[in-house]
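**Q** Just to be clear, the model below is a prediction. Sequence and coordinates:
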Amino acid sequence: MELGKLIARWPVLRQAGEGDLLGRGKAVQSAKTEQLRPRTEGAQHVVKSVCPYCAVGCGQLVYIRDGKVDQIEGDPDSPISRGRLCPKGAASKSLVTSPLRLTKVKYRRPHGTEWEELELGEAMDMIADRVIETRRSTWEDRTMGIAMLGGATLDNEENYLIKKLAMGLGIVQVENQARI
């Protein structure tokens with residue numbers, strides 16, 4: 001190819017010739033970039049959500065394809081994050097799609113060295129039995145043997161319900177880090 005044609009293909013010259021000095025128009029596109037499509041293009045629907053990692057409460061858009069999470073991006077309508085996500089929030093898709101994600105109850109017996117899988121019903125019964133026994137053995141107008149700790153992934157409404165449960169069980173040591 002002759003030098004003149006090669007220089008004419010240079011994006012900076014095309015930008016100047018087309019008046020696109022910021023390089024945002026057709027002049028900077030190549031055949032390859034014209035073929036690119038958004039990662040979210042094939043989504044069948046979008047669900048608004050909140051990032052689960054910290055108490056900031058950044059808005060997320062969860063893109064669903066074939067009933068599964070396909071992509072998670074920042075929500076531009078969020079007054080908190082305005083479409084931006086930190087590295088952890090941007091990687092939150094792996095929280096629900098990672099093949100390493102635990103999906104079964106794991107239990108290690110006292111003095112045990114190995115984890116075993118339990119059915120959810122069995123684990124819930126064990127928890128209920130332990131709450132009842134702890135309340136019975138530590139009751140002093142309230143139970144001093146159980147505490148509750150809530151994390152930043154809980155919103156105020158969820159923390160309100162947890163506080164109501166704790167008070168109903170006689171638990172007074174309740175701490176949480178709620179977001180609005």
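**A** Structure's in. What do you need?
**Q** Please make it C-alpha for all contacts and neighbour counts, starting now.
**A** Will do.
**Q** For this protein, which segments count as helices?
**A** 3-8, 11-18, 31-35, 87-90, 93-97, 120-138, 156-169 (DSSP state H).
**Q** Residue 53 versus the residue nearest to residue 71 when sequence neighbours are not counted, what's the distance?
**A** Leaving aside its sequence neighbours, residue 71 sits nearest to residue 63 (CA to CA, 6 or more residues apart in numbering; 5.1 Å). Plainly put, residue 63 is 19 Å away from residue 53 if you go by CA to CA, to the nearest Å.
**Q** more crowded one of these two?
**A** More neighbours surround residue 63 than the other of residue 63 and residue 53, with 23 against 15 (other CA atoms under 10 Å).
**Q** Would you indicate which residues of stretch 144-151 are buried?
**A** 144, 145, 146, 150, 151 (16 or more other CA atoms under 10 Å).
**Q** pretty sure the residue nearest to residue 71 contacts residue 38?
**A** No. Counting by CA atoms under 8 Å, residue 63 stays clear of residue 38, with 11.8 Å between them.
**Q** list residues touching both of the two?
**A** With contacts taken as CA atoms under 8 Å, 6 or more residues apart in numbering, residue 63 and residue 38 have no neighbour in common.
**Q** residue ranges with poor pLDDT in this protein?
**A** Across the chain, the ranges flagged by pLDDT under 70 are 1, 152-153, 177-180.
**Q** wait, doesn't residue 143 sit right on residue 173?
**A** No. Using CA under 8 Å, residue 143 makes no contact with residue 173, being 9.1 Å away.
**Q** which of these two has more neighbours?
**A** residue 143 (21 against 15).
**Q** now residue 85: how far from residue 154?
**A** Where residue 154 is concerned, residue 85 sits at a distance of 18 Å (CA to CA).
**Q** same question, residue 5
**A** Taking CA to CA, one finds residue 5 at 61 Å from residue 154.
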